[in-house]
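**Student:** Here's a sequence, model it:
(one chain, ligands or ions: 1)
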Amino acid sequence: MNSVLARAMSLRRGMFVTIARLALALAALSATVSANAETGYDAWLRYTPVEGRPARERYSSLPAVVVALGDSELVAASQAELIRGIRGMLGRTLRIAKDVPAEGAIILGTYKEVAVVVPSLGKTPQLPPEGFWLKSLVADGKSHLIITGPTDRGVLYGAFTLLRMIGLDAPITELNLRDKPFAPIRILNHWDNLDGTIDQGYAGRSIFWENGQITKDLDRVRDYARLMASVGINGCSINNVHTDTRVISTKLLPEVARVADVFRPYGISLYISLDFASPSKLGDLATSDPLDPAAVEFWKNKVDEVYTAIPDLGGFVLKADSEGRLGLSEHNRSHTDAANIIAKSLEPHGGILFYRGFDYDHHWDSTDPKNDFAKALYDNFHPLDGKFADNVILQIKQGPIDFQVREPASPIFGGLTQTNQAIELQISQEYLGQQRHLCFLPPMWKEVLDFDMKADVETRGARSNTPVKDLASGITFKRTLGGFVGISNVGRDTNWLGHQLAMANLYGFGRLAWNPNLESKQIAEEWTRLTFGHDPKVVGTIVDMLIKSWNIYESYTGPLGVGTLTDINHSHYGPDIESAENNGSGYGHRADDKGIGVDRTEKTGSGYIGQYSTPVARVYESLESCPDDLLLFMHHVPYNHVLKSGKTLIQHVYDSHYEGAREADRLVRNWQSLKGRIDEQRYQEVLADLTYQAGHAQVWRDAIANWFLRKSGIADDGKRVGNHPHRIEAEAQELTGYEPQDVTPWETASAGQAAALTAKDGRGSIRHKFAGKPGWYDLDVVYFDENDGVSKFKLFVGDQQVDEWQADDVLPHDQPSGHTSTRHRTPSIALREGDVLRIEAESDAGEQAAVDYLEITPAGA
Ligand code: GCW
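**Tutor:** Prediction:
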């Protein structure tokens, strides 16, 4: 951008020429900015011109000068961001002044700094350190806009808020806006490995790591820091909790410090995930026993060394003794022993230890109904309440299992009165469609955040009102630390998360961490306006799609709190209904031929419900009062149990799955109604994602509906399940080079089988003779796009080739399954009775160009 300006300047031929050139240069600049923006890279910080927006004139009074007081890097970053944002949105380049000029200015600085230069500022509002105050003020006849707060972080959040207001067409005259974060902890965790891969990453490789090193070019990290800061996130861990010990090695620390340098101007404190076994693995000690004096010494020295490299490190994240991690139990020590030793070393540096509360030693045992994975966290940590050091935060997933499509709020939130806690929300859509399915998460998060645990009912009786957001933020029991941790999986894909619309979750997490009282709809609307502009049709359509999307995803996956019903042992992506049964994973649903669901009652089940306060437990314990959407989480019920809707459980499963798949289809059409109203690149990308989702929603629907039909033996009243009149099973057609093959698990392929190309030369065909009436038809080919090769398909009607495509997606499996099943649609082909439809395919590597079925439906039906 500077070079554009410089070139414009060098062409100076008198003042007017210069101005004209500059205007051109700026126009070119904003054109480049918006052209870049439409890849999704700029996310909600696009800063596109307000030109043509009704509110444009609102901003004409904005001062032309900006002053950054003091020497804080954060205030300087705020100034740079304001210049950038205002240039983008208003086409004006603010003048930088060192001191308050002889005209009105935007003045950036902390309370103290501003009071010195604008004595008439008067009494400043009482705000926590990271709060801010945007104040229009006339002093000595000059109209200033003051962006201030108790600390420079507050100033930064104030600057981003002002930019957001302009982006949203909000008025900014006569401002007197004060705001403050709900909680001090608002951080993101990344599960990035040092080799550049990401645990549960779906959008390319790590932005932080490559080949065991921090990436050379940190520009992307800087832009990520801007995105985080713009929604008030103040900390970020950059390596997987399944840690590579080297992250704190003497050799790597200077590298890690580079990331802290990039984060610093944006108020993001760096956090590092630790390996509990570092004393032995890195320090060559005989033991990592947390009470062994040598291990204690190791941690002290190591933590001092880390702080020498990164003096403002936020602290550490530790996952010990969980999911097979080496931990304290092998030394016969408790969680507090482990946490407190490290916390003690952190204390002199003001550092915090996040101790992950997840998955402890409760292995599913079908012979012991009391042994319930969902109970593990409470059982392990409730007895330790009050024993953790003051700088330890117990980091608790929103529900007691593991980010399933619907879970109740984890009871431990209400069970700790003397321990710092933070709620962990997963932005990564691990069990929620892996950023291939649209699933806007704030509505789900809000259900948990707003859930009243009635945690102080013992002391306050019926007046108890303790929503999870208050408990997790430390408000209820007056803890100084607490708040929100988001698991994020941004990668190097241009649009960060792989799906353009998934960025709404990152935005939503930040906004809710700042203020969990915001409504999901407001968040969706803000995000949509900032990301796609203000066309009412665009805003209305996208907001509606976002708000419905979680329920849509839920309705074609796991119903009524039963779990997502995905493959729990590997990819966590497509359907695999029995994967969690009989293997100790603890995520299962205990289905038999009479009913389904886990009995977690106190009376006859695992007793999990008893971990809630009495009034909450009472609601869950009784079948009558337990909300239907969590029914199968709390109870084992027969298939013919009648729900509050009046439907039987089994009919609800059938209906909701058909409705969900239909809604997924509707999402495509909603999106298509926006053609021409948003830029082509993002339009096409989202269209491709939604089209895929609609196909995969059918795979889910059929898998679950068919599985329940077989298990329960109860037919669908609507006669849809197991009944597909338009479907042509590939394995039953005339095959050349192809052979019928069983698909595992059976429910993930139509009729349990596919046709797989087994011929040695890798070529084959599938033929079908069309017997319908002449007309226009859409032809769907449902095939398996594995991650181990790129097979090729050609479609013929008679001798005429009508389509071709490649199976070049990278879906998470190397076999035909519910993860790889995908659909190709050839729209509107003219068919006549007797036509021979032929798929000619070439297999590649291990991918056998397997086809599940063809479906011929009247065009556009
Ligand atoms: O859901 C599981 C994920 C793991 C993750 C674990 C955790 C980093 O499948 O990839 O490990 O949760 O939260 O620690």
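
**Student:** Which parts of the stretch 51-200 of the chain are strands?
**Tutor:** Listed in chain order, the strands of the stretch 51-200 of the chain (DSSP state E, counting those that start in this stretch) span 65-68, 95-97, 105-110, 132-139, 142-149, 176-179, 185-190.

**Student:** can I get those strands in JSON lines with distance to Ser673 and mean pLDDT?
**Tutor:** Heads up, the C-betas are built off the backbone N, CA and C, glycines and all. Output for these, formatted as JSON lines (distance: least, C-beta to C-beta, whole Å; pLDDT from 0 to 100):
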{"stretch": "strand 65-68", "distance to Ser673": "41", "mean pLDDT": "98"}
{"stretch": "strand 95-97", "distance to Ser673": "44", "mean pLDDT": "97"}
{"stretch": "strand 105-110", "distance to Ser673": "40", "mean pLDDT": "98"}
{"stretch": "strand 132-139", "distance to Ser673": "37", "mean pLDDT": "97"}
{"stretch": "strand 142-149", "distance to Ser673": "40", "mean pLDDT": "97"}
{"stretch": "strand 176-179", "distance to Ser673": "36", "mean pLDDT": "98"}
{"stretch": "strand 185-190", "distance to Ser673": "34", "mean pLDDT": "98"}
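
**Student:** Can you add mean neighbour count and distance to the ligand and give the ones you listed back as JSON lines?
**Tutor:** Compiled in JSON lines, the strands of the stretch 51-200 of the chain are given as follows (neighbours: other C-beta atoms under 10 Å; distance: least, C-beta to the nearest ligand atom, whole Å):
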{"stretch": "strand 65-68", "mean neighbour count": "23", "distance to the ligand": "40"}
{"stretch": "strand 95-97", "mean neighbour count": "15", "distance to the ligand": "44"}
{"stretch": "strand 105-110", "mean neighbour count": "25", "distance to the ligand": "38"}
{"stretch": "strand 132-139", "mean neighbour count": "20", "distance to the ligand": "33"}
{"stretch": "strand 142-149", "mean neighbour count": "24", "distance to the ligand": "34"}
{"stretch": "strand 176-179", "mean neighbour count": "15", "distance to the ligand": "32"}
{"stretch": "strand 185-190", "mean neighbour count": "26", "distance to the ligand": "9"}
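
**Student:** With distance to Phe484 as added columns, please give those in a markdown table.
**Tutor:** Listed next are these as a markdown table, based on distance: least, C-beta to C-beta, whole Å:
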| stretch | distance to Phe484 |
| --- | --- |
| strand 65-68 | 29 |
| strand 95-97 | 35 |
| strand 105-110 | 25 |
| strand 132-139 | 19 |
| strand 142-149 | 20 |
| strand 176-179 | 16 |
| strand 185-190 | 5 |
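
**Student:** pLDDT weak spots in this protein?
**Tutor:** Within the chain, the set of residues satisfying pLDDT under 70 comprises 1-37, 54-56, 324-326, 359-366.

**Student:** Contact residues of it facing the ligand?
**Tutor:** 191, 199-200, 240-242, 319, 358, 402-403, 430 (C-beta under 6 Å from any ligand atom).

**Student:** Please spell out the PyMOL selection for the buried subset of those.
**Tutor:** Selection of buried members from these for PyMOL, criterion 16 or more other C-beta atoms under 10 Å:
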select buried, resi 191+200+240+241+319+358+402+403+430
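
**Student:** Now flag whichever of the residues of the chain next to the ligand is closest to Asn211.
**Tutor:** Nearest to Asn211 out of the residues of the chain next to the ligand is Asn240 (C-beta to C-beta; 15.6 Å).

**Student:** Quick one: residues contacting that closest one.
**Tutor:** Residues near Asn240 by C-beta atoms under 8 Å, 6 or more residues apart in numbering: 190-193, 199, 273.
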